[in-house]
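[1] sequence and predicted structure below; questions after.
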Amino acid sequence: YIRNSRSIGSSASVLERSRARTRYKGLQGFLTYNTGGVTTGVFFSGSPDLASQVRHRSFVMAAKTANNLVSGFRKCVDLCNDAAGLRGTYIPFEVEGTTVGFILPSFASHLMEHGDVFKATEAGLQLSSDLATPEARTEAVANVLAGLRDCGLVPGWRDELFPVATSFSAEPALLIERAAASLFGIKAYGVHINGWVRRQDGSRAMWVARRSRTKQTWPGMLDHIVAGGQPHGISPTENVVKECGEEAGVPPALAAAARPAGAVSYECVNTDGGLKRDVMFVYDLELPEGFAPEPQDGEVEEFFLWPVERVMQVVAEGGHYKPNCAIVIIDFLMRHGYVAPEEEGYLELLAGLRQGECS
């Protein structure tokens, strides 16, 4: 059993790629294994059932490691869903009698200064019924937002339009500037790409980006190889190819190999106090071992390749990754078997990845 001790601890999926070695003399030995760059060991001796003793102690240690990781992952999920129970803080934003967003009363007060565009109601705020078409609404709201931007009330202007709709497949009631999406509490969408590599030894690694330290949001934090908001007028898959080229220099033919892998959703309070109601379309992109992404548009400072086990540890520690990137990575880890159903909190973690309205 000792000579084939690579199987020790294999029931804990977070250690699937660990390498166990033993050094023994008589009935003594020392088992070591490594996961995520952390080496752990257990001394054993004196038992006639040596294999049983080693297996039990390594399983205990593996379980503790798994529980710590899952606990860390749960904290990441909770951070992205910190608006739970706060919906009442915001007032509904309606277009033609349909609620399409939620706005802080303080921001709504600035909008109501433009009475030809926004009207107060008993329930909240609505667009004027005089604005009868999506085009008219888009133009009128854009003019208001431009003025508020000049007053410093809409920071981070992007010159990118997001649709305002009740679901991804619904026709938009209007388009608004991306920087105002959370201020209006609309449903917003994006694409996140897990760029990973299958190494010659069978292990897996993931490309990590460090955001530019001059970015207005989450400067210097870790990120996906590619991620971006979902603008109006193109499909998510088309957006993946576009963003891959613009952010990481991934050729279109290679980017087109990205495979859709579902979505995650969350509802949190944005840094501007607005309500982020986001759905992120998730893609997995297996990249050749010889390919290296390169920063293109100034949004990324550097790229580096980490073993998946190290990515796991860093995500679980918290505070390193941009929050929504962390939960997309957790989704990748669960789908690829790095977190197993036997681990405590598995189902709660799985459900937490889609706490937001996923529609």
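    Everything's here; your move. Numbering: from 1, shown residues only.

[2] just read off the phi/psi values of the residue lying closest to residue 346 once chain neighbours are set aside.
    Of all residues not flanking residue 346 in the chain, residue 339 sits nearest, at 6.5 Å (Cβ to Cβ, 6 or more residues apart in numbering). Every residue, glycine included, has its C-beta placed from N, CA and C. The phi and psi torsions at residue 339 (degrees, to the nearest 10) take the values phi -120, psi 130.

[3] from residue 265, how far out is residue 339?
    Going from residue 339 to residue 265 by Cβ to Cβ, to the nearest Å gives 19 Å.

[4] now residue 161
    Using Cβ to Cβ, we find residue 161 at a distance of 21 Å from residue 265.

[5] what does residue 111 give?
    In this structure, residue 111 and residue 265 are separated by 26 Å, where distance is defined by Cβ to Cβ.

[6] of those two, which one has the most company?
    Taking residue 111 and residue 265 together and counting by other Cβ atoms under 10 Å, residue 111 has the greater number of neighbours (23 against 20).

[7] residues in contact with that one?
    In this structure, residue 111 makes contact with 103, 117, 118, 125, 144, judged by Cβ atoms under 8 Å, 6 or more residues apart in numbering.

[8] can you pick the most crowded of those?
    Ranking the contacts of residue 111 using other Cβ under 10 Å puts residue 103 first, with 24 neighbours.

[9] OK, contacts around the residue lying closest to that one once chain neighbours are set aside?
    The shortest distance from residue 103 to any non-neighbouring residue, by Cβ to Cβ, 6+ apart, is to residue 93 (5.0 Å). Counting by Cβ under 8 Å, 6+ apart, residue 93 makes contact with 99, 100, 101, 102, 103, 108, 124, 125, 126, 184, 185, 186.

[10] and for residue 224?
    Neighbouring residues of residue 224 by Cβ under 8 Å, 6+ apart: 192, 193, 194, 195, 207, 208, 209, 325, 328, 329.

[11] among those, which lie within helices?
    When those are checked against helices (DSSP state H), the matches are 325, 328, 329.

[12] with pLDDT as added columns, please give those residues in JSON lines.
    Output for these, formatted as JSON lines (pLDDT from 0 to 100):
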{"residue": "325", "pLDDT": "98"}
{"residue": "328", "pLDDT": "98"}
{"residue": "329", "pLDDT": "98"}
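
[13] go through those residues and name the one nearest residue 240.
    residue 328 (13.2 Å; Cβ to Cβ).

[14] how many neighbours does that closest one have?
    27.

[15] if we can go back for a sec, how much space separates the residue nearest to residue 103 from residue 345?
    36 Å.

[16] just residue 176 next, same as before
    38 Å.

[17] which of these two has more neighbours?
    Between residue 176 and residue 345, residue 176 has the larger neighbour count (other Cβ under 10 Å), namely 24 against 15.

[18] contacting residues around the helix or strand hosting the more buried one?
    Following DSSP states H and E, one finds residue 176 within strand 174-177. Outside strand 174-177, the residues that touch it by Cβ under 8 Å, 6+ apart are 95, 127, 134, 137-138, 141-142, 145, 149, 154, 157-164, 184, 186, 232.

[19] show me these that map onto strands.
    Among these, DSSP state E puts 95, 127, 161, 162, 163, 164 in strands.

[20] pretty sure residue 284 belongs to a helix, no?
    No. Counting by DSSP: H, G, I helix; E, B strand; the rest coil, residue 284 is not part of a helix but strand.

[21] quick check: it touching residue 258?
    Yes. Using Cβ atoms under 8 Å, residue 284 makes contact with residue 258 at a distance of 6.9 Å.

[22] if we can go back for a sec, the contacts of residue 224, buried ones only, as a ChimeraX selection?
    Selecting the buried subset of the contacts of residue 224 in ChimeraX, with 16 or more other Cβ atoms under 10 Å as the burial test, is done by:
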select :192,193,194,195,207,208,209,325,328,329
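
[23] still on that earlier bit, list buried residues within the contacts of strand 174-177.
    Members of the contacts of strand 174-177 that pass the buried threshold by neighbour count (16+ other Cβ under 10 Å) are listed as 95, 127, 134, 137-138, 141-142, 145, 149, 154, 161-164, 184, 186, 232.

[24] residue 351: how many residues sit nearby?
    Taking other Cβ under 10 Å as the criterion, the count of residues near residue 351 is 10.

[25] wait, a helix at it?
    Yes. Assignment of residue 351 by three-state DSSP places it within a helix.

[26] so where's the stretch 51-200 of the chain uncertain?
    Applying pLDDT under 70 to the predicted model, the residue ranges of the stretch 51-200 of the chain that meet it are 51-67.

[27] helices of that one, start to end?
    105-111, 134-150, 181-184 (DSSP state H, counting those that start in this stretch).
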